[in-house]
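# What follows is a predicted structure for the sequence shown.
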Amino acid sequence: MNVHDHPTLRAVILPSGYQSPQDAPTNKLLEDLGHTVFSAGTADEAMRLLKADPTDILVVDVTESEENRRLIDRLAELPLDNRPRELAIFTERSEDRFRKLRVSVAPSHVHVFLKPLHMHALLNILRRLGAEPTHTSVA
């Protein structure tokens, strides 16, 4: 089986407080697609990872986590070079405050996904970034 080459993304994942970072489904999905995934156990750790190297996508699950919500607000404090290209926020309810993020965290593209459909939406972001294989052939 041959899979067309695709670029490797650098992803930082901050799951909700009730999941261990390594067990987060997003972590597994991105690793299975061959991307470099850094799982943060805390918002402070996620900020350190963002400052360490350019990040293609930051995935934050704000479900039942005030710490993760505060991280979202802190992204506007980062220098432009440390902001992720894409910000995916997973939540269980729609919130107006996330709409304001599009301006405050620019140039990051902000995506807010309601659970449980968030994984399908994340795949759409990866396709747009050109990082998911779109064609597989069997020899």
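Nice, thanks for sending it over. Residues are numbered from 1 along each chain as shown.
# For the residue nearest to the spatial centre of the chain, which three-state class applies?
Nearest to the mean C-alpha position of the chain, by C-alpha atoms, centre = their mean, lies Val59 at 2.2 Å. Three-state assignment for Val59 (DSSP: H, G, I helix; E, B strand; the rest coil): strand.
# where does this structure have its least confident helix or strand?
Least confident helix or strand of the chain, by mean pLDDT, DSSP states H and E, is strand 136-137 with a mean of 36.
# now the residue nearest to the centre of the chain, which residues is it bridged with?
Using DSSP bridges, the beta-bridge partners of Val59 come out as Ile13, Ala88.
# My read is that it contacts Ser16, right?
No. With contact defined as C-beta atoms under 8 Å, Val59 and Ser16 do not form a contacting pair (11.0 Å). C-beta: built from backbone N, CA, C; applies to glycine.
# Can you work out which residues contact both of the two?
Phe90 (C-beta atoms under 8 Å, 6 or more residues apart in numbering).
# sorry, back to before: report the contact partners of the residue nearest to the centre of the chain.
Residues near Val59 by C-beta under 8 Å, 6+ apart: Ala11, Val12, Ile13, Leu14, Thr26, Ala88, Phe90, Leu122.
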